[in-house]
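Trainee: please find the sequence and the predicted model below.
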Amino acid sequence: MKKRNINKRLLGVGLFFCLFFKNSSAQLVISAQIRTRGEFRNGSSTLKLLDAAPAGFISQRSRLSFNYKLEKVTFGMSVQDVHVWGQDASTINYSDGAKLGVHEAWAETMLSDSLGLSLKVGRQELSYDDTRLLGSLDWLQQGRRHDVAVLKFNKNGWQADLGAAFNQNSDAFGTAGTFYTAGNTPQYISNSKGYLVSVPTGFVPTNAAGAPVLTINPSTNGGQQMYKAIQYLYVAKKWQTHKASALIFKDDFAKYRLDTLKNADGGIVAGRKYDVTGINSRLTAGLLVSGTFRKNFNYWIGGYFQTGKNRDGIDLSAYTTTAFLGYTQDKWLIGLGYDLVSGNDMTTLTNTKDNKFDPLYGTPHKFWGAMDYFYVGTGGSAAGLSDPYLRLKYAFSPKLALGLDVHHFSLANNMPNKVADATGNTLLSKSLGNEFDLIGTFALNKATVLEMGYCVMAGTNTLEYLKRTTTDKTEHIATWAYISLNFKPEIFPTAR
């Protein structure tokens, strides 16, 4: 009975604020999203072992967002729950804890109307241009956000954003210094004897102590290490149907030392201890130009370089380039593109120079194949990536469209086959394989979109070696299918 009374009070308070905002000069928009996605994985992200069974599951994002604006202040907040169906028991135990998380919580205040100057502070998505390097990663059910402050300028076709963030693990009393343990550190891990042991504070387990850092495959959003701090400047100019933008982005990573933990049972856990003063700073900068011409053609062309130090303190010199030309006619879109991401020459590898480009905190799912083989959870390619691709799309109606992307993936640099020849004198073929992504979307109504996809990766032994350091041990034809229902209504829209 007590719980029922609390719920009634919360409902009453919610209705009061809704009525208040509705009849005030404020602007309030409340929107919701329920997105379910069922997946059949038969080699998605990495080639599966011979005779291994495929996997299937259904995931769901449940998100509630509201945006409130009054005079010169705008407030935004988004709360979400992300889970796999069946991940929780049908009745949640008291010990399970909270299941909700704050995806966004920010406030923006206008500093000068005449100058178009504002300040946005708090947890927020960073999304610029085509989201190649900075994006919300909406495909991922949990998405991506940053705790950051951004000074914004927007006037006469010009946009300039100056942002900064500083991460720390705790504000507890007695905490000394600003040491930062990066990433989502596991609470328990198996030691060298196979026993489950607890992970102490400030220690991040790794596969092996002293492993060559330049052979690690890169992934975005701190897949190997979250940043300690960031500072960036984004400047863009629009004219007619074109846009040019420049990005200067610096991320700083906490230094560490390699360490091993010896457990009471004689087992060992290798890892990194983040109790060293100082940071490794990486600088990424570049230009992107995009737009349309002659009504039917759209394009983009750009390039970015990285310098400074990588996460592990190694000197960095890397780059990426991108180009695309598309043609639209009636209901058709036909486009050709090419992406090149630099990497290391694995035949002359030393621990003194890193040439791997890391695509920062962007949306790799959008660019390097829907099956997420590169620069996502299972890493990219330490030898870089070459990706010429074809894009076709046909709109049967304003509600129904079908698209096909065809990628030809290959290494940008040499990689030795140490399975066949331990000396490293035998090189692997640079060809990684071809991916075919067939995706259809259908708008059932204004608030509901049905999306279905069927994708095939025709991989090679080089792709297998890249992912598993083996050859002829996996299925080289991989498939992935999904079906998604995305409900996204505006529950309480206002426009004043």
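Mentor: Okay, I see it.

Trainee: my reading is that T462 lies in a helix. Confirm?
Mentor: Yes - counting by DSSP: H, G, I helix; E, B strand; the rest coil, T462 is part of a helix.

Trainee: list the contacts for it?
Mentor: 411, 415, 428-432 (Cβ atoms under 8 Å, 6 or more residues apart in numbering). Quick note: C-beta positions are derived from backbone N, CA and C, even for glycine.

Trainee: and I439, by the same measure?
Mentor: Applying Cβ under 8 Å, 6+ apart, we find I439 in contact with 370, 402-405, 451-453.

Trainee: who wins on neighbours among the residues you listed?
Mentor: When neighbours are taken as other Cβ atoms under 10 Å, the top entry among the contacts of I439 is A370 (22 neighbours).

Trainee: wait, doesn't that one sit right on M457?
Mentor: No - if you go by Cβ atoms under 8 Å, A370 and M457 don't touch, sitting 9.9 Å apart.

Trainee: look up how far L50 lies from the closest residue to L47 other than its chain neighbours.
Mentor: Spatially, and ignoring its direct neighbours in sequence, L47 is nearest to T474 (3.9 Å; Cβ to Cβ, 6 or more residues apart in numbering). Using Cβ to Cβ, to the nearest Å, T474 is found at 6 Å from L50.

Trainee: higher neighbour count, the two?
Mentor: Between T474 and L50, counting by other Cβ under 10 Å, T474 is the more crowded of the two (21 against 9).

Trainee: which residues does that one form beta bridges with?
Mentor: Applying DSSP bridges to T474 yields these beta-bridge partners: L49.

Trainee: who are the neighbours in contact with it?
Mentor: Contacts of T474 (Cβ under 8 Å, 6+ apart): 43, 47-50, 459, 464, 467-468.

Trainee: can you rerun that using 10 Å?
Mentor: Taking Cβ atoms under 10 Å, 6 or more residues apart in numbering, we find T474 in contact with 43, 46-50, 52, 459, 461, 463-465, 467-468.

Trainee: where do the strands of the stretch 301-450 of the chain begin and end?
Mentor: Assigned by DSSP state E, counting those that start in this stretch, the stretch 301-450 of the chain shows strands spanning 315-329, 332-341, 385-395, 400-410, 431-445, 448-459.

Trainee: wait, which of these is closest to D252?
Mentor: Of all the strands of the stretch 301-450 of the chain, strand 315-329 sits nearest to D252, with 13.2 Å by Cβ to Cβ.

Trainee: ok, back up a step: now the strands of the stretch 301-450 of the chain in JSON lines, with mean pLDDT and distance to A478?
Mentor: Conversion of the strands of the stretch 301-450 of the chain to JSON lines gives the following (pLDDT from 0 to 100; distance: least, Cβ to Cβ, whole Å):
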{"stretch": "strand 315-329", "mean pLDDT": "96", "distance to A478": "25"}
{"stretch": "strand 332-341", "mean pLDDT": "97", "distance to A478": "21"}
{"stretch": "strand 385-395", "mean pLDDT": "98", "distance to A478": "17"}
{"stretch": "strand 400-410", "mean pLDDT": "98", "distance to A478": "13"}
{"stretch": "strand 431-445", "mean pLDDT": "97", "distance to A478": "9"}
{"stretch": "strand 448-459", "mean pLDDT": "98", "distance to A478": "4"}
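
Trainee: of those strands, which is nearest T131?
Mentor: Nearest of the strands of the stretch 301-450 of the chain to T131, taken as Cβ to Cβ: strand 315-329 at 12.3 Å.

Trainee: that older thread, overlap in contacts, A370 and M457.
Mentor: Joint contacts of A370 and M457 (Cβ under 10 Å, 6+ apart) are 44, 407, 435-437, 480.

Trainee: G157 and W239 touch, don't they?
Mentor: Yes - at 6.3 Å, G157 counts as touching W239 under the criterion of Cβ atoms under 10 Å.

Trainee: ok, the contacts of I439 vs R37, which is closest?
Mentor: Checking the contacts of I439 against R37 with Cβ to Cβ, the nearest one is E451 at 8.4 Å.

Trainee: what's the burial count for the nearest residue to Q240 once chain neighbours are set aside?
Mentor: Counting by Cβ to Cβ, 6+ apart, G291 is the residue found nearest to Q240 once chain neighbours are left out, at 7.8 Å. G291 has 15 neighbouring residues, counting by other Cβ under 10 Å.

Trainee: many thanks, have a good one.
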